[in-house]
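K.L.:
Take a look and give me a structure for this.
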Amino acid sequence: MIDLLFICLIVALVYNSGFWTSLDEFVNKRFRFHHIPHILTCALCQTWWLSLLYIIVTGHFTIMWIALCLVNAHLVNIMIPLAKVIENWLMKIIEWIMPN
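P.N.:
Sure, this is the predicted structure:
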């Protein structure tokens, strides 16, 4: 179960970095009227499919684990703002420790 949360965290952090938006802009400039697939630009989709792939590879493909993958996919909507809040708190602590 903790592995699924790590998948969610990794997807949230990569999504926050803007990597997929930059890649989509690059593809759109390079190839007219082309974009990368929605599955790569949607954090919920990425988390769902990566979680599903993980449970298939590890041999946990049951209804319960599929339901946990769905819950995990929806947790990314909480994880994205939570990662931003933690980043802001850490930046404030650093600014407090090292004032200008």
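
K.L.:
wait, isn't residue 48 in contact with residue 71?
P.N.:
No: counting by Cβ atoms under 8 Å, residue 71 is not a contact partner of residue 48; they are 10.2 Å apart. Every C-beta, even on glycine, is put in place using the N, C-alpha and C of the backbone.

K.L.:
Please report how far residue 93 lies from residue 1.
P.N.:
Note on residue 93: its distance to residue 1, by Cβ to Cβ, to the nearest Å, is 30 Å.

K.L.:
typed the wrong thing, it's residue 12
P.N.:
From residue 12 to residue 1 the distance is 17 Å (Cβ to Cβ).

K.L.:
again, but for residue 22
P.N.:
32 Å.

K.L.:
The residue nearest the centre of the chain: which element?
P.N.:
In the chain, the residue lying closest to the centroid (Cα atoms, centre = their mean) is residue 11, at 1.9 Å. For residue 11, the enclosing helix or strand under DSSP states H and E is helix 2-17.
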